[in-house]
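> fold the stuff below for me.
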Amino acid sequence: MHLDVLDLRDFYYRTQLGRAAQKAVRNRVLSLWPADADVLGASTVVGFGFAVPLLRPYLGVARRVIGLMPGQQGVMPWPAGQPNVSVLCEETRWPLETGMADRVVVMHGLETSDQPTALLNEAARVLGPGGRALLIVPNRAGLWAPREGTPFGCGRPYTLGQLDAQARAAGFVPERHSGALYIPPSGRRFWLRSSAMWEDLGARISGLLVAGVVILEVSKQVQMQRPSGLGAAVRRPLKILEGVGQGVPRPTGFTPDR
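A predicted model of the protein is given here:
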């Protein structure tokens, strides 16, 4: 089941719970990938699904920021008040050259996809050697996945093990994992006001037990091609026919029969 871009926009930008969720997940992403010009200044950062709420800190830092949105979801102009960088695309055929991206963020894309393996293969294709991706999905064990009134209640929730296995199947190397969204999916004022405290507490104590989302960082490693044939040259190769036709040296002191 794909989400509608207008519903996603309304949740993240027009509700207090959505803004709190956006801030919680974005802060966790920034803890993994700081918006540092020295690190990302020459990088191309790509978001797929509805990852644009997480990409704003990189707009003035990265060389290029691109927001890809699948056709089943729809697309909206982003960012507001600035030149548009969002693009409508097929979820398994991104309009990017192979190896073009340095960083990829996938949110609200993998769990709703009908072809999750092909989607991850496409993410691997556009990443350059050593590139990294953040896969953000609803946590099967969290409080948000059972709530259909939020975007995290749609699609297939994951455990960390399931996400790890699917990433490895696409050729990625898992690097580290984290969680976010420890507040309950409630619009009550108490939870919204104390959301920062719960995020900090959850990250330090609870791990992924009650996190609303699982975040897995993966990298694209390129295997070195091994040379074919023998691994080492023989210093003095054996010459099978060496000495043939040269005669046999006569032993010292030898007297032929007469």
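> mean confidence for stretch 17-26?
Here stretch 17-26 scores 95 as its mean pLDDT.
> CA atoms of it as CSV?
Output in CSV follows, covering the C-alpha atoms of stretch 17-26 (Å, rounded to 0.1, in the frame of the first residue of the first chain):
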residue,chain,number,x,y,z
LEU,A,17,2.6,15.1,16.0
GLY,A,18,4.0,15.1,12.5
ARG,A,19,6.4,17.9,13.2
ALA,A,20,7.5,16.2,16.4
ALA,A,21,8.1,13.0,14.4
GLN,A,22,10.0,14.9,11.7
LYS,A,23,12.3,16.5,14.3
ALA,A,24,13.0,13.2,16.2
VAL,A,25,14.0,11.3,13.1
ARG,A,26,15.9,14.2,11.5
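> name the residues of that stretch that are buried.
17, 18, 19, 20, 21, 22, 24, 25, 26 (16 or more other C-beta atoms under 10 Å). In this view, the C-beta of every residue, glycine as well, is placed from N, C-alpha and C.
> relative to residue 221, which of the residues you listed is nearest.
When the buried residues of stretch 17-26 are ranked by distance to residue 221 (C-beta to C-beta), residue 25 comes first, at 26.3 Å.
> where's that closest one, which helix or strand?
helix 16-32 (DSSP states H and E).
> and that helix, how far out from the chain middle?
18 Å (C-alpha atoms, centre = their mean, to the nearest Å).
> next SSE after it?
helix 37-40.
> wait, isn't residue 164 in contact with residue 216?
Yes: assessed by C-beta atoms under 8 Å, residue 164 is found in contact with residue 216 at 6.5 Å.
> who has more neighbours, these two?
Taking other C-beta atoms under 10 Å, residue 164 and residue 216 do not tie; residue 216 has more neighbours (22 against 18).
> confirm that one sits in a strand?
Yes: per DSSP: H, G, I helix; E, B strand; the rest coil, residue 216 lies within a strand segment.
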